[in-house]
Structures are given as structure tokens and as C-alpha cells.
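S.K.: need a structure here:
(chains A and B)
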Protein chains: 2
Amino acid sequence: MADEALFQFLHSEIIQYVNSAETGESENGRCVSKLENMGFRVGQGLIERFTKDTPRFKDELDVMKFICKDFWTSVFKKQIDNLRTNHQGIYVLQDNKFRLLTQLSAGKQYLEHAPKFLAFTCGLVRGALSNLGVKSIVTAEVSVMPACKFQVMIQKM
Amino acid sequence: MADEALFQFLHSEIIQYVNSAETGESENGRCVSKLENMGFRVGQGLIERFTKDTPRFKDELDVMKFICKDFWTSVFKKQIDNLRTNHQGIYVLQDNKFRLLTQLSAGKQYLEHAPKFLAFTCGLVRGALSNLGVKSIVTAEVSVMPACKFQVMIQKM
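M.R.: Below you'll find the model as predicted:
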């Protein structure tokens, strides 16, 4: 619990800081992209540690399952609730109670702030996949807080 | 271990980001002060959770012992190795293997970067103490990595 709080508080501080540091026309976009980049590098580092003693993955789906179970549990203390795929390179990961959104009030007026709270995690997933040899684009959407969906589009080489 | 890595990686990313975002004459000082401020707010939040079920502290020394044992263990997975005081409001907390410095190479040429890696933690201690009713100034110094000393100067009201 202690560590969990540490990460959550630190994550909030970063959002606030990046948000205030990025000024200018496209500030919101830049803020999100900075956070995504931080997540990417953290994801790269984490996945190396997490998979140190893991057997080689069979295929892409096997990798995605690892992200949904082991990786998500290590970082967010719960598994992804639902994983869906169209078997053509698109995966949708649904978390019904996403840890980094539970601090936000569920009021609709806060929905516009949600992207900032998801950007780091989008990067985290992209970074983790990238170091497992899977190039992807990761986006997120929230309809009702604190549930959210991450969409992973695999970029074929 | 997972959480530990998460915090460490995120902490490194913040340092790098703040360092690149703060440009101008007094950039290094501003970078350190931004990191210290983030630590302060995180420390405030953490100590509230950690002391939720703790009995009231007897005195200042009792508070400092809590920081050195419980607080340090929660955040850094080890206790402070040595606590000294002059009984006049100055406390020196020595950590012989400080977790946020163990990633840095021990070479002397990296000593100049050490302040950036300690600023967040200085704030963390100051924030924790502040919410326990103890106003302080916290500074840090490194002579041989990864050992370091945090000096807490209590500000009497």
C-alpha cells in the first residue's frame, strides 16, 4: 500500500508539473506527449526486469496476455478485466477500475482531464511491448470513470 | 521489487524531464527546487496515510525516529543507518546505501549530479515532517556514493 501511494502521488505531481511547464499553443497535446514519452521509457525498463526469468513468448497474443496479467498486476495491483482482439492486430484492454483514475472525481466535468491521467500508462504499454519486439500505437479512452479502455494497434514491420 | 523499480524509473524520468524543462540562468537551482517541491507534496500525502493508525508522537525525537524507521522503510525498503542529533534542533540521517543513488555510477565525476537525485527526497522528508507539525529545512550531501546524509534543521515557531 505504501508503494502504491508513492507511485500515485508521484504520478499526480508529474502531471501537474508537466502541465504547468508546457506552455504555448498546443500545450495540452505537448503535455500528453511528454507524459507518454516518460511512460515509454519506464515501460521499457520495467519489462526488462519483469521478463528476466520468463520463458520466450509463443506469439503476439501470448505477449498481450502477459501485459494484461503479470505486467498490469505488478504495476496496478490488479489484472486487466477484459481483453478483446479482432485477430488483425487490434487489441482492446479494459480496466473497470483503473487505479490512476480512482483519485479523480467521477463527475462528468472531469472527463476532459482524463487524457492526462492515461498518457503515462499508454506510453508504459507501448514501451513494454516495444522491448518485447512488438511495435504499436496505444491510445486510451474513458466513458465512465474510473473505467477505461486501452486500444493497442500493432504496427506490422 | 516491481513497485520499487517503478518508483526508481519514474524518479529518473522526472529528474531528466525537469532538468530539460528548466532552462535559463539559474537552471540547476530551479531544477532542484522544483524536484524538492514535488517531494514536499508527495511527503505530505504519504505521511497522512502512514500515520493513520499510529499513536500520537511523544516529542520531536519520536517523530524523527518514525521517519528513520517506518517512513524510510516504506519508501526506500531499508531503515536509516544512523541518526544523530545535537539536541538543539539539528538531526543528521545517514543512509549508507541510498536507493536512489545506487543506479548512479560511483565514479567521482558523477558527484556533481548527486544533488538532483537527492532533491526529491529532501522535499519528501520536509513534507512528511511538516504534516506532523514540525517545520524544517532539509539538505543533503554525498561524499562517497551511494552513501548520503540528510541534515534536518528544525525551525522553531
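S.K.: List the buried residues of the top helix by length along chain A.
M.R.: Longest helix in chain A, counting residues (DSSP state H): helix A:27-50. Buried residues in helix A:27-50, counted by 16 or more other CB atoms under 10 Å in any protein chain shown: A:30-32, A:34-47, A:50. Where you see a C-beta, it was placed from the backbone N, CA and C, and this is true even at glycine.
S.K.: again with stretch A:150-157
M.R.: By neighbour count with 16+ other CB under 10 Å, stretch A:150-157 contains the buried residues A:150-152, A:154.
S.K.: How about stretch A:74-92?
M.R.: A:74-76, A:80, A:83, A:91.
S.K.: what does stretch A:107-117 give?
M.R.: For stretch A:107-117, by 16+ other CB under 10 Å, it's A:114-117.
S.K.: ok so, going back, can the buried residues of stretch A:150-157 go into TSV with extra columns for distance to chain B, pLDDT and secondary structure?
M.R.: Shown next, in TSV, are the buried residues of stretch A:150-157 (distance: CB to the nearest CB, whole Å; pLDDT from 0 to 100; DSSP: H, G, I helix; E, B strand; the rest coil):
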residue	distance to chain B	pLDDT	secondary structure
A:F150	18	97	strand
A:Q151	23	97	strand
A:V152	20	97	strand
A:I154	24	95	strand
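S.K.: so who does A:L101 touch?
M.R.: A:114, A:117-118, A:142, A:145-146, A:148 (CB atoms under 8 Å, 6 or more residues apart in numbering or on different chains).
S.K.: same question, A:V32
M.R.: Going by CB under 8 Å, 6+ apart, A:V32 touches A:115-116, A:119.
S.K.: Which one of these is nearest to A:E22?
M.R.: Closest approach to A:E22 among the contacts of A:V32 (CB to CB): A:K116, at 10.7 Å.
S.K.: Now do the SS call for the residue nearest to A:K149 when sequence neighbours are not counted.
M.R.: Using CB to CB, 6 or more residues apart in numbering or on different chains and skipping the chain neighbours, the partner closest in space to A:K149 is A:Q94 (5.0 Å). The three-state label for A:Q94, taken from DSSP: H, G, I helix; E, B strand; the rest coil, comes out as strand.
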